[in-house]
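Q: coords please:
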Amino acid sequence: MRTKISAVSVFVIVFFLMLAAFLFGSQNDTMRVPAQQGSSLKKFQWAEALGRSSPSRKKLCSCKLCTSESGLSLWFDERYNRTVRPLLTKSNAFISKDIYEWWLSLQKEGNPKNITTVIQDLFETIPGADLYTHEEPDRCRKCAVVGNSGNLKGSGYGNQIDHNNFVMRMNRAPTTGFESDVGSKTTHHFMYPESAKNLPANISLVLIPFKTLDLQWVISALTTGSIKL
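A: Modelled structure (predicted):
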């Protein structure tokens, strides 16, 4: 596993509790794939209508709809916390007690190592740069988040998915043989330690840790390889 992980060009760590802010709080358009098989991409037109509703609104991007703009969707505004930065980085490593306890409760890890110590060790091993933090009103970047449910089979959405700047996939989502439906492009691949696999050098691994040991595994995978999950 050590050789597999070290081959990844950009290694990004993401806490599950921060994932929603990353997927739904991007400064740019998000392609929402229909939930039911056979749905039409025409259902995406609601997003364009929202973008046209307030032409005088100060926009955060040049897209028709900037996902993180307030006042476009009450449902989104009630759920999106703008103070949460999506990535765990060296400068964004503080985790409050209540969030830390909630995170530990996801898998009820017994006797975890001190999280502050683990994070310090982590950023002695991997880069701690802040990514995806800049808003640029003159730029439009779009993303597609592609799941594994099988709902896209027969959809023919492949080209539209690949047309996005960022294409995010999860775990062992297959693309070979299904390119016409799910596309072939991947820029970010979300995985758990247990499902980690070798990735091409041009794909960024986004790790979703559910326990302290998962963060220790990252250090191990890039150094001694002593932790097996």
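Q: which residue ranges of this protein form helices?
A: Taking DSSP state H, the helices of the chain run over residues 2-6, 16-24, 45-52, 74-79, 97-105, 115-122, 158-162, 179-182, 212-222.
Q: hang on, V206 packs against H189?
A: Yes. Counting by CB atoms under 8 Å, V206 touches H189, with 6.6 Å between them. Every residue, glycine included, has its C-beta placed from N, CA and C.
Q: so what sits against both of these two?
A: Jointly contacting V206 and H189 under the rule CB atoms under 8 Å, 6 or more residues apart in numbering are M168.
Q: pretty sure G154 sits against F178.
A: No. Using CB under 8 Å, G154 is not in contact with F178, being 9.8 Å away.
Q: neighbour count winner among the two?
A: Neighbour count, other CB atoms under 10 Å: between G154 and F178, F178 has more, with 17 against 12.
Q: not counting sequence-adjacent ones, nearest residue to that one?
A: K153 (7.1 Å; CB to CB, 6 or more residues apart in numbering).
Q: and the nearest residue to N148 once chain neighbours are set aside, how many residues sit next to it?
A: Distances taken as CB to CB, 6+ apart put A173 closest to N148, at 4.9 Å, once the chain neighbours are dropped. Here the number of neighbours of A173 (other CB under 10 Å) works out to 16.
Q: tell me the bridge partners for V145.
A: Beta-bridge pairing for V145 (DSSP bridges): M168.
Q: how far away is it from T67?
A: For V145, the distance to T67 equals 12 Å [CB to CB, to the nearest Å].
Q: any low-confidence regions in this protein?
A: 1-58, 133 (pLDDT under 70).
Q: next up, phi/psi of the closest residue to C140 other than its chain neighbours, please.
A: Nearest-residue entry for C140: C63, 4.0 Å, with adjacent residues in sequence omitted and distances by CB to CB, 6+ apart. For C63, the backbone dihedrals are phi -70, psi 160 (criterion: degrees, to the nearest 10).
Q: can you tell me the closest non-neighbouring residue to N159?
A: Sequence neighbours aside, G183 is the residue nearest to N159 in space, at 7.2 Å (criterion: CB to CB, 6+ apart).
Q: number of nearby residues for the residue nearest to F178?
A: 10.
Q: over to D121?
A: D121, neighbours per other CB under 10 Å, totals 15.
Q: in terms of contact, does it touch S220 like I think?
A: No. Between D121 and S220 there is no contact under CB under 8 Å: 10.4 Å.
Q: list the contacts for S184?
A: By CB under 8 Å, 6+ apart, the contact set of S184 is G158, D162, T175.
Q: closest to N81 among those?
A: D162 (31.1 Å; CB to CB).
Q: just list the residues touching that closest one, thanks.
A: Going by CB under 8 Å, 6+ apart, D162 touches G183, S184, K185.
Q: which of these sits closest to E135?
A: Once CB to CB is applied, the member of the contacts of D162 that ends up nearest E135 is K185, at 24.5 Å.
Q: what about the closest one, how many residues nearby?
A: Neighbour tally, K185, other CB under 10 Å: 21.
Q: distance of it from C66?
A: Using CB to CB, K185 is found at 23 Å from C66.
Q: returning to that earlier point: ok, the residue nearest to N159 - contacts?
A: Here G183 is in contact with A144, V146, Y157, G158, N159, Q160, I161, D162, V167, T175 (CB under 8 Å, 6+ apart).
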